[in-house]
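Undergrad: sequence below, structure please.
(one chain, ligands or ions: 1)
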Amino acid sequence: QTSKGTAFKLVPLGVLGGIDESNLSAYMLAPAGSNNYICLDAGTLHYGLEKAVANKSFNVPASTVMRQYIKGYFISHSHLDHIAGLIINSPEDSTKNIYALNDCIETIKTHYFTWKSWANFADQGETPALKKYHYKVLEPGAETAIENTELKVKAFPLSHSNLTSTAFLVNSNDNYLLYLGDTGPDEIEKSSNMQNLWQAIAPLVKSKKLKAILIEVSFPNEQPDKTLFGHLTPKWLMTEMDELASFTGTDAIKGLNVVVTHLKPPVTSIGKIKVQLKDANKLQLNLIYPQQGKALNF
Ligand SMILES: Nc1ncnc2c1ncn2[C@@H]1O[C@@H]2COP(=O)(O)O[C@H]2[C@H]1O
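TA: Now for the predicted structure:
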């Protein structure tokens, strides 16, 4: 893809769910032509940054990308596969904000940046607080301007089994990208969070201002509903996309960029997910499988 006429540059630092700790959810996002990135989840940082530099997604060293290009972290929920990279890399990082819904900030404060789990690099919680990171609690539905970037972000709650997870709607000069953290389908989660999200973004799909959706598909269809643990399968993703289409009409959703995240190993499962999604793609979504370190332009 070229960067011409595009609104966003997305650099995946980690793309999978599950057990491979070198490749867990983390996506750098900036307006096209800018080096002012946010990082959506931070499961894997170091290894992903090294790969991104090797792939020429950046032309400065990995440590410079982390310290100078990443202006803030957006953590969808507190599971380790979405935040371990931030914690592990914190001794080498620069001062910046951590943005999340209140529940998630509280867990980071009381479980991770504590003096028994690690060092408290944040500005609240156990003393002494080293004050490298500033917690910024997001209010659901309120658009927040992100310091040191040209971006604004609105958070929406998602239901992920026992946890509240988060979708981040990123606004760059009236172009939008939607990132979803882990989520189960409304029907299984007994929730209306997905429906509310689809309703909120439908006008942006219709007006073609929404450039891409990043959404998880963790398991193939063979995974029983009772062991989804708050995740989607190809079948359930398409159920949710049908729900979105009920608000936009099927014409507007055709060709929408859908970046499929959080596929869980083993590779046989990942292969099945891809085949099942292709077979179920009646809406003609543009399904994209991100690769660690390889930039995507939207
Ligand atoms: N009730 C459960 N029984 C077994 N494993 C679980 C249960 N709930 C969560 N998990 C696992 O814990 C993991 C946490 O991250 P994930 O949600 O990606 O995937 C989850 C499952 O692999």
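Undergrad: contact partners for residue 198?
TA: Residue 198 makes contact with 240, 243-244, 246-247, according to Cβ atoms under 8 Å, 6 or more residues apart in numbering. For the C-beta atoms, the positions are set from N, CA and C on the backbone; glycine is no exception.
Undergrad: if we go to 10 Å?
TA: Residue 198 is in contact with 186, 205, 240-248, counting by Cβ atoms under 10 Å, 6 or more residues apart in numbering.
Undergrad: can you tell me the helix or strand for the closest residue to residue 112 other than its chain neighbours?
TA: The shortest distance from residue 112 to any non-neighbouring residue, by Cβ to Cβ, 6 or more residues apart in numbering, is to residue 87 (5.4 Å). Using DSSP states H and E, residue 87 maps to helix 84-89.
Undergrad: any weak-confidence spans in the stretch 1-150 of the chain?
TA: Where the stretch 1-150 of the chain drops to pLDDT under 70, the residues are 1-4.
Undergrad: what about the residue of the chain found nearest the ligand, how many residues close to it?
TA: Here the chain gets closest to the ligand at one residue, residue 229, 4.1 Å apart by Cβ to the nearest ligand atom. Neighbour count of residue 229, defined by other Cβ atoms under 10 Å: 13.
Undergrad: what does residue 297 give?
TA: By the criterion of other Cβ under 10 Å, residue 297 has 16 neighbours.
Undergrad: what's the closest residue to it other than its chain neighbours sitting at in phi/psi?
TA: Nearest in space to residue 297, with sequence neighbours left out and distances taken as Cβ to Cβ, 6+ apart, is residue 6 at 4.1 Å. Dihedral pair for residue 6: phi -100, psi 160, per degrees, to the nearest 10.
Undergrad: just checking, residue 6 touches residue 30?
TA: No - Residue 6 is beyond contact range of residue 30, at 11.3 Å (criterion: Cβ atoms under 10 Å).
Undergrad: tell me which of those two has more neighbours.
TA: Counted by other Cβ under 10 Å, residue 6 and residue 30 do not tie: residue 30 has more neighbours, with 22 against 17.
Undergrad: quick one, what contacts that one?
TA: 8-11, 36-38, 69-71, 149-151, 170, 172.
Undergrad: let me know the closest of those to residue 118.
TA: Each of the contacts of residue 30 was checked against residue 118 using Cβ to Cβ; the closest is residue 70, at 18.8 Å.
Undergrad: do a quick rundown of the strands in the stretch 151-298 of the chain.
TA: For the stretch 151-298 of the chain, applying DSSP state E, counting those that start in this stretch gives strands covering 151-160, 163-172, 175-180, 210-216, 257-261, 286-288, 296-297.
Undergrad: please determine whether stretch 107-126 lies in contact with the ligand.
TA: No - judged by Cβ under 6 Å from any ligand atom, stretch 107-126 stays clear of the ligand, getting no closer than 13.2 Å.
Undergrad: wait, doesn't residue 285 sit right on residue 241?
TA: Yes - using Cβ under 10 Å, residue 285 is in contact with residue 241, at 6.5 Å.
Undergrad: from residue 272, how far out is the nearest residue to residue 52 once chain neighbours are set aside?
TA: Distances taken as Cβ to Cβ, 6+ apart put residue 293 closest to residue 52, at 4.1 Å, once the chain neighbours are dropped. Distance, residue 293 to residue 272, using Cβ to Cβ, to the nearest Å: 25 Å.
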